[in-house]
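Asker: this one's structure only:
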Ligand SMILES: Cc1cc2nc3c(=O)[nH]c(=O)nc-3n(C[C@H](O)[C@H](O)[C@H](O)COP(=O)(O)OP(=O)(O)OC[C@H]3O[C@@H](n4cnc5c(N)ncnc54)[C@H](O)[C@@H]3O)c2cc1C
């Protein structure tokens with residue numbers, strides 16, 4: 001056993017694990033990250049790849065989430081210009097669209113207000129004479145097209161860039177390394193993990209469970225069993241299509257059930273998603289279902305009937321959502337931080353959340369651990385650290 005004590009051990013090398021590691025090492029804490037497969041091999045490499053405020057969260061009044069996400073979007077556009085790009089989003093309104101044009105206009109006004117009316121919150125209705133420029137968007141029954149701006153990223157590259165920043169600030173990354181167990185001690189936890197066929201045992205003052213859809217599985221390896229809210233895993237599938245869209249991201253309603261679906265230009269191809277199907281089982285085995293692929297193809301054909309787009313790839317990720325009778329689409333998307341109810345905080349688990357808000361989440365986790373950890377000298381401020389791709 002290594003005699004040295006780690007301040008914060010983080011389980012998970014997704015965007016949240018990377019964000020906590022960056023915040024912790026910037027704050028001067030000795031940090032270890034354990035990732036069992038590869039960085040961003042979980043949900044953080046299978047998202048819709050948007051860095052956005054989440055316009056549709058306004059429909060369920062998640063105002064704090066939207067405000068924070070818009071703030072983080074602005075920051076990431078300046079800190080990571082090679083990884084996060086501003087893109088136009090188009091919302092077409094047809095005769096049968098459920099969200100009426102005036103409602104979308106009100107939503108966009110509120111979105112701009114929550115974004116502090118910054119230049120990147122401008123929006124407008126596109127005049128009908130410009131509709132033919134929209135990648136062959138179906139214009140029969142089309143009544144209006146709104147344009148606003150959000151951002152796209154490469155989610156896996158962003159995760160690697162944040163981890164690279166954490167490592168440059170002193171964090172230790174073990175990958176691939178599987179977290180096996182944690183046993184509570186007087187001063188924190190004794191953790192065990194396996195790396196390259198060897199078992200390791202080390203002491204840490206605090207443990208952060210950033211295992212995404214594995215969060216409950218990791219919690220069950222901790223003694224005593226930490227608190228855990230009731231959650232459900234919801235599968236979201238994307239398809240990648242040949243060629244296609246170039247003008248921006250189209251934000252449409254799926255013809256089958258009127259859920260919001262994005263059609264996005266992506267590395268010379270078109271990315272379409274997502275679906276929402278309940279999932280039970282090993283998170284590592286999640287895969288697209290034939291019905292999900294058909295649902296997404298139907299949506300593409302409804303709005304771009306002239307485009308001949310073949311499916312070249314598909315992938316699924318898992319959201320961790322609060323258990324509830326409500327449709328997944330209507331459930332809150334905020335991040336929940338769960339910790340012990342008594343004594344000093346030595347364990348925090350991250351449930352749910354957004355790629356976009358990783359930096360704010362990392363800062364919150366570290367602030368919650370401040371009273372548990374010995375004084376440290378701050379090395380940097382994550383709101384000022386530039387991020388660059390590999
Ligand atoms: C379909 C879909 C689309 C989304 N689109 C967007 C979007 O466009 N914009 C946005 O902001 N957010 C989006 N999100 C949300 C966002 O992607 C997630 O909130 C975020 O990626 C979760 O990151 P994470 O680090 O918590 O989990 P993960 O990325 O899943 O990372 C967890 C890691 O823990 C590791 N792990 C698990 N168990 C162990 C163990 N025992 N030992 C070591 N390592 C372990 C796993 O290998 C994994 O790499 C989307 C989510 C989904 C599902």
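Answerer: Alright, I've got the coordinates. Computed from a predicted model, the values in this text were never measured in an experiment.

Asker: all contacts plus neighbour counts: C-alpha atoms, from now on.
Answerer: Fine.

Asker: Pull the distance from stretch 142-160 to the chain's centre.
Answerer: Relative to its parent chain, stretch 142-160 has a centroid offset of 13 Å by Cα atoms, centre = their mean, to the nearest Å.

Asker: Likewise for stretch 109-119?
Answerer: Relative to the mean C-alpha coordinate of its chain, stretch 109-119 is positioned 22 Å out (Cα atoms, centre = their mean).

Asker: Identify all contacting residues around it.
Answerer: For stretch 109-119, the surrounding residues in contact (Cα atoms under 8 Å, 6 or more residues apart in numbering) are 53, 55, 58, 63, 66, 67, 70, 71, 121, 122.

Asker: Which residues outside the host helix or strand of the fifth one are in contact with it?
Answerer: Going back to what we said before, that points to residue 66. Element membership of residue 66 [criterion: DSSP states H and E] is helix 63-79. In this structure, residues lying in contact with helix 63-79 by Cα under 8 Å, 6+ apart are 51-55, 57-58, 84-86, 111, 114-115, 150-151, 333-334, 356-357, 359-360, 383-387.

Asker: is it anywhere near the ligand?
Answerer: No. Using Cα under 6 Å from any ligand atom, helix 63-79 stays clear of the ligand, coming no nearer than 8.0 Å.

Asker: and after that helix, which helix or strand comes next?
Answerer: strand 84-94.

Asker: Give the next helix or strand downstream of that following strand.
Answerer: In the C-terminal direction, the helix or strand that comes right after strand 84-94 (DSSP H and E) is helix 101-114.

Asker: Give me the angle between that next one and helix 63-79.
Answerer: Helix 101-114 and helix 63-79 meet at an angle of 60 degrees, taking axes from the mean of the first three to the mean of the last three Cα atoms, to 10 degrees as the criterion.

Asker: elements contacting the helix or strand just after helix 101-114?
Answerer: The element immediately downstream of helix 101-114 (helix or strand, assigned by DSSP H and E) is strand 124-125. If you count contacts as 3 or more Cα pairs under 8 Å, 6 or more residues apart in numbering; DSSP states H and E, strand 124-125 packs onto strand 142-153.

Asker: partners of the strand it packs on, with directions?
Answerer: Listed by DSSP bridges, the sheet partners of strand 142-153 and their directions read strand 50-51 (antiparallel), strand 84-94 (antiparallel), strand 124-125 (antiparallel).

Asker: Tell me how far the first one lies from the chain's centre.
Answerer: Pointing back at strand 50-51 there. The chain centroid and the centroid of strand 50-51 are separated by 8 Å, computed with Cα atoms, centre = their mean.

Asker: average model confidence for it?
Answerer: For strand 50-51, the mean per-residue pLDDT is 97.

Asker: Now tell me what touches it from outside.
Answerer: Applying Cα under 8 Å, 6+ apart, the contact partners of strand 50-51 are 69, 73, 84, 150, 151, 152, 153, 355, 356.

Asker: Hmm, residue 211 and residue 348 touching each other?
Answerer: No. Here residue 348 lies out of contact with residue 211, judged by Cα atoms under 8 Å, at a distance of 11.3 Å.

Asker: for the stretch 251-390 of the chain, what spans make up the helices?
Answerer: 290-303, 358-369 (DSSP state H, counting those that start in this stretch).

Asker: most tightly surrounded among those helices?
Answerer: Among the helices of the stretch 251-390 of the chain, helix 358-369 has the highest mean neighbour count (mean count of other Cα atoms under 10 Å), at a mean of 20.

Asker: For that one, what is the distance to the chain centroid?
Answerer: Chain-centre distance of helix 358-369: 15 Å, with Cα atoms, centre = their mean.

Asker: and if you look at stretch 17-33?
Answerer: Computed by Cα atoms, centre = their mean, the separation of stretch 17-33 from the middle of its chain amounts to 18 Å.

Asker: So that stretch, near the ligand or not?
Answerer: Yes. Part of stretch 17-33 sits close enough to the ligand to count as contact by Cα under 6 Å from any ligand atom, namely residue 17.

Asker: Buried ones in that stretch, by neighbour count?
Answerer: When neighbours are counted by 16 or more other Cα atoms under 10 Å, the buried residues of stretch 17-33 are found to be 17-33.

Asker: how near is the closest residue in space to residue 58 that isn't next to it in sequence to residue 42?
Answerer: Here the nearest residue to residue 58 in space, its sequence neighbours aside, is residue 107; by Cα to Cα, 6 or more residues apart in numbering that works out to 7.0 Å. Residue 107 sits 32 Å away from residue 42, taking Cα to Cα, to the nearest Å as the criterion.

Asker: of these two, who's got more company?
Answerer: Relative neighbour count places residue 42 above the other of residue 107 and residue 42, with 24 against 17, counting by other Cα atoms under 10 Å.
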